[in-house]
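**Student:** Structure of the sequence below:
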Amino acid sequence: MTSGKGPGKRTGAGGARGARPARTASGARKVSQSRPRPGTKPKAKSKKPPKSSARKWIKRSVIGVIILFVIAPILGFMTAYVLVDVPEPDQLVSKQVSNIYAADGSTEIARIVPPEGNRVQVNIDQIPPSLQSAVVAAEDREFTPTVVSPCLVSRVQRWAS
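**Tutor:** Numbers count the residues shown, from 1 in each chain. Now for the predicted structure:
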């Protein structure tokens, strides 16, 4: 800081000409924060504009959506996986009743209730391939036990063109 009374004249802590600079309790001279120390470069001011509140709001919204739709389901699945015990297939055997209906679908002909249940577990090797195909065909009308399905070939041809 220079005074207006002469070139190169500096004022001290009191602002009067010729006053001594302020000292700390240990006797060291206080350095003004407004001017850099000799031999050091002044700090460059940041050229970044301050973030607007709209940017902060958008950033927080994106983070919230990521947490809500990605992280929360993953944590929920992991928690359920750890806490829920999946039973073995042998434990799932239940005593179920077999109802036999007439061709009209509403008239009940018989109801079979065996005391030990009516389910017997067998390996897939013990079931004939024709019965396996019949069960799948009962569930899926478009099922054909051939290697190449004409419907699938036509879908692929339409997709490729």
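
**Student:** Please identify the buried residues of the lengthiest helix in the chain?
**Tutor:** Counting residues, the longest helix in the chain under DSSP state H turns out to be helix 53-66. For helix 53-66, the buried set under the neighbour-count rule, 16 or more other C-beta atoms under 10 Å, is empty. No exception for glycine: its C-beta is placed from N, CA and C like everyone else's.

**Student:** Please renumber the chain so that the first residue is 59 from this point on.
**Tutor:** Yes, from this point I'll number from 59; that puts the last item at helix 111-124.

**Student:** And the next helix or strand past that helix?
**Tutor:** helix 130-141 (DSSP states H and E).

**Student:** relative orientation of that following helix and helix 111-124 in degrees?
**Tutor:** 30 degrees (axes from the mean of the first three to the mean of the last three C-alpha atoms, to 10 degrees).

**Student:** Just the buried positions in helix 130-141, please.
**Tutor:** With burial defined by 16+ other C-beta under 10 Å, not one residue of helix 130-141 is counted as buried.

**Student:** Flag the shaky bits of the chain, pLDDT-wise.
**Tutor:** 59-95, 100-104, 106-109, 151-153, 173-177, 200-206, 219 (pLDDT under 70).

**Student:** what's the distance between residue 99 and residue 207?
**Tutor:** Residue 99 sits 76 Å away from residue 207, going by C-beta to C-beta, to the nearest Å.

**Student:** So for these two, which residue has more residues nearby?
**Tutor:** Applying other C-beta atoms under 10 Å to residue 99 and residue 207 shows that residue 207 carries more neighbours, namely 12 against 7.

**Student:** Tell me if residue 99 really is in a helix.
**Tutor:** No: checked against DSSP: H, G, I helix; E, B strand; the rest coil, residue 99 lies outside a helix; its state is coil.

**Student:** How about the contacts made by it?
**Tutor:** Contact analysis of residue 99 by C-beta atoms under 8 Å, 6 or more residues apart in numbering lists nothing.

**Student:** circling back to that earlier point, tell me which other helices or strands the longest helix of the chain touches.
**Tutor:** In this structure, helix 111-124 makes packing contacts with no helix or strand, judged by 3 or more C-beta pairs under 8 Å, 6 or more residues apart in numbering; DSSP states H and E.

**Student:** Alpha carbons only: can I get that helix in PDB?
**Tutor:** What follows is helix 111-124 as a C-alpha-only set of coordinates in PDB (Å, rounded to 0.1, in the frame of the first residue of the first chain):
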ATOM      1  CA  SER A 111     -28.500 -24.500  -8.200                       C
ATOM      2  CA  ALA A 112     -30.100 -26.100 -11.300                       C
ATOM      3  CA  ARG A 113     -27.000 -28.100 -12.000                       C
ATOM      4  CA  LYS A 114     -26.900 -29.200  -8.400                       C
ATOM      5  CA  TRP A 115     -30.500 -30.200  -8.500                       C
ATOM      6  CA  ILE A 116     -30.000 -32.200 -11.700                       C
ATOM      7  CA  LYS A 117     -26.900 -33.900 -10.300                       C
ATOM      8  CA  ARG A 118     -28.700 -34.900  -7.100                       C
ATOM      9  CA  SER A 119     -31.700 -36.100  -9.100                       C
ATOM     10  CA  VAL A 120     -29.600 -38.400 -11.300                       C
ATOM     11  CA  ILE A 121     -27.800 -39.800  -8.200                       C
ATOM     12  CA  GLY A 122     -31.200 -40.400  -6.600                       C
ATOM     13  CA  VAL A 123     -32.600 -42.200  -9.600                       C
ATOM     14  CA  ILE A 124     -29.400 -44.400  -9.800                       C
END
